[in-house]
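Trainee: here is my input; please provide its structure:
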Amino acid sequence: MRMNLLVTGGAGFIGSHFVLRHIEKYPDDTVIVLDKLTYAANKAFLDPVINRIRFAQGDIVDYELVSQLLDRYGIDAIVNFAAETHVDRSIKNAVPFLHANVLGVQSLIEACKAHPQVLLFHISTDEVYGDLKDGEAACKPEDPLRPSSPYAASKAAGDLLLRAAVRTFGTRIRISRCTNNYGPHQAQEKFIPTIIRHALKNEPIPVYAQGKNKRDWLFVTDHCDAIEMLLHQKEGDGEVFTISADEERENIEVVKAVLKILGKPESLISFVPDRPGHDWRYALDSSGLRTLGWKPAVHFDEGLRRTVEWYMKTQQNQKIQRSQRNGDGSSPEHS
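Mentor: Numbering: from 1, shown residues only. Got it, this is the predicted structure:
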C-alpha cells in the first residue's frame, strides 16, 4: 500500500540508509526528509535519490514546521531517526541531547496529537536499559530502563514520553530499540570510524580501559530492514521492539579485526583511561522480531570489510578534492 513518509534525521547515518533502501523498495511512495544538518548529517548521502524525495532543513523541535509538513504532504507515518547520539559528547554537555531527544520527541507527539491518523515510529537504543554483567540474560522490551549516561537518559525520557502519549492520548506509536549499528555514513567520532581513521593515518588508536567492554554489532542495512518490516506490520501500535544481531564482541576484538583488514600492526592500540559511567555490556533479545520473519543478512566480518572499504574510498576522494582545490596537480597517493 502506497505511503507518504516523513523521515526525520534522514540525512544522518541510519536515516540516510533507510531512505535509500525505502526508495529502492517502494519507488511509488512519497518520502519527505527533515534534517537539521548537524555535524553528523550529510545531505550528499541522499544524492542517489535526491530527485525522488523532498528535503526540508529544520529542527524537529519546531512544532509548526513539523505540522506544516504533515498537512502539506498528507503524511501517513513519521520515522524518527533525529537525535543526538554520542555518549562522550553528552557527558561534556547534555543540553543538546535534551533538546533533540526530549523536546524533539515531545514536539513530534504534539504534532501527532493534532494528526491522530499519523503513525510515529521512533528509533531508540539499547542503552536505555543500562549495562549488563557477563552471563545476564539479554534485555527484553518490557525490562526496566536504567540509563547510565546523559545520552541514554535523554533517550529513555523520550521513550517514556511516547509511552505516556499512547496511554493518555491514544497516539499511534511504535518504538524500536537496537544494539550498536555500524557501516558507511557513520560520524567519524564513533567507535569503528575512529579506529579506521586513526589506523589509516598510522596514529595511536584510543581504546577505553583494556577494551573488554562488550557490544552487539548490527550492520546498518539490517537495522533498516527490521524497521521497514515493523513499519509495515498491520499490528504493533503501542509496542516496543528490540533488534539485535547476536554479534557480541569485546571492543578490543573489533579493533584488532579492523587492523587485520587494513594490514596495520596491533602496536597502534593505545589504552586510555575509562570514561565515566562506562557500561560494561549491552545485549537485546530479538526473538520476537525473528518470529516475525526478520534476521540479519550481513555477518560482522563482511559488514566490517564493507565499512572499512567505504571509509578508505571516502578518504581517497577527500584527498583528490583537496588536491584539486589547491590546484597543485599532485597525486593523491603522494600528497
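
Trainee: any low-confidence regions in the protein?
Mentor: Applying pLDDT under 70 to the chain flags residues 320-321, 323-324, 327-335.

Trainee: would you list every one of the helices in it?
Mentor: 13-25, 63-73, 87-92, 95-98, 104-114, 150-169, 191-200, 220-232, 251-262, 287-291, 300-326 (DSSP state H).

Trainee: those helices: which one's closest to residue 177?
Mentor: helix 150-169 (8.0 Å; Cβ to Cβ). Bear in mind the C-beta positions are built from the backbone N, C-alpha and C, glycine included.

Trainee: distance to residue 127 added to the helices of the chain, as a markdown table?
Mentor: Below are these laid out as a markdown table (distance: least, Cβ to Cβ, whole Å):
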| stretch | distance to residue 127 |
| --- | --- |
| helix 13-25 | 15 |
| helix 63-73 | 25 |
| helix 87-92 | 8 |
| helix 95-98 | 12 |
| helix 104-114 | 16 |
| helix 150-169 | 4 |
| helix 191-200 | 13 |
| helix 220-232 | 15 |
| helix 251-262 | 15 |
| helix 287-291 | 18 |
| helix 300-326 | 20 |
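
Trainee: nearest to residue 278 among those would be which one?
Mentor: Set against residue 278 and scored by Cβ to Cβ, the helices of the chain come closest in helix 87-92, at 8.5 Å.

Trainee: which other helices and strands contact the closest one?
Mentor: Helix 87-92 sits against helix 95-98, helix 150-169, with contacts defined as 3 or more Cβ pairs under 8 Å, 6 or more residues apart in numbering; DSSP states H and E.

Trainee: between the ones you listed, which gets nearest to residue 222?
Mentor: Using Cβ to Cβ, these put helix 150-169 closest to residue 222, at 20.6 Å.

Trainee: run the chain-centre distance for stretch 28-44.
Mentor: Computed by Cα atoms, centre = their mean, to the nearest Å, the chain-centroid distance of stretch 28-44 equals 13 Å.

Trainee: in that stretch, what counts as buried?
Mentor: Residues of stretch 28-44 classed as buried by neighbour count (16 or more other Cβ atoms under 10 Å): 29-36, 40-42.

Trainee: which one of those residues sits closest to residue 204?
Mentor: Nearest to residue 204 among the buried residues of stretch 28-44, with distances taken as Cβ to Cβ, is residue 40, at 24.0 Å.

Trainee: please name the nearest non-neighbouring residue to the closest one.
Mentor: residue 187 (4.2 Å; Cβ to Cβ, 6 or more residues apart in numbering).

Trainee: now residue 285
Mentor: Once flanking residues are discounted, residue 285 sits nearest to residue 138: 4.2 Å by Cβ to Cβ, 6+ apart.

Trainee: got the CA coordinates for stretch 28-36 in CSV?
Mentor: Listed next in CSV are the C-alpha coordinates belonging to stretch 28-36 (Å, rounded to 0.1, in the frame of the first residue of the first chain):
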residue,chain,number,x,y,z
ASP,A,28,5.9,5.0,-5.6
ASP,A,29,6.0,6.2,-2.0
THR,A,30,6.4,9.9,-1.2
VAL,A,31,9.3,10.5,1.1
ILE,A,32,10.0,13.8,2.8
VAL,A,33,13.3,14.1,4.7
LEU,A,34,13.5,16.6,7.5
ASP,A,35,17.0,17.1,8.9
LYS,A,36,18.8,19.8,10.9
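
Trainee: contacting residues around it?
Mentor: Contact with stretch 28-36 is made by 2-12, 15, 19, 22-23, 41, 43, 46, 49, 52-60, 65-66, 69, 73, 75, 82, as judged by Cβ atoms under 8 Å, 6 or more residues apart in numbering.

Trainee: among these, which are in strands?
Mentor: Members of those lying in strands (criterion: DSSP state E): 4-8, 54-57.

Trainee: since that was my last question, I'll sign off now.
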